[in-house]
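Participant: Got a predicted structure plus its sequence, pasted below:
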Amino acid sequence: MQQHQPAKRSVLVGLVGAGIQASRSPRLHEREGAEQGLGYEYRLIDLDVLGVDGRALPGILADAQRAKPLPRLLRA
């Protein structure tokens, strides 16, 4: 008889900044999330990669608050 597995909780977090591509935070957080049984996804939103400056931040944060998909902005 198969045992029912509880649904895996998922968490999506991100780091917004400039020049953050070398950040090790995503790997560290995702590894710890997996250890805790979470589907943990940590994304970088790098202003330098996007070619924008801090003036874009209010729009980026507003989109995140609305949980609007930002495939162009969010990099795994």
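Facilitator: Received the coordinates, thanks.
Participant: Please identify the buried residues of stretch 48-62?
Facilitator: For stretch 48-62, a neighbour-count test (16 or more other Cβ atoms under 10 Å) marks Ile60 as buried. Glycine gets a C-beta too; all of them are placed from N, C-alpha and C.
Participant: What is the end-to-end distance of it?
Facilitator: Counting by Cα to Cα, to the nearest Å, you get 19 Å between the two ends of stretch 48-62.
Participant: and that stretch, how far out from the chain's middle?
Facilitator: Put simply, stretch 48-62 sits 15 Å off its chain's centre (Cα atoms, centre = their mean, to the nearest Å).
Participant: And stretch 28-44, by the same measure?
Facilitator: 10 Å.
Participant: ok, which stretches of this protein are helices?
Facilitator: Ranges of helices within the chain are 25-35, 47-50, 57-65, based on DSSP state H.
Participant: Please tell me how far the residue nearest to His29 when sequence neighbours are not counted sits from Pro58.
Facilitator: Spatial nearest neighbour of His29, chain neighbours left out: Tyr42 (4.5 Å); criterion: Cβ to Cβ, 6 or more residues apart in numbering. Counting by Cβ to Cβ, to the nearest Å, the separation of Tyr42 from Pro58 is 22 Å.
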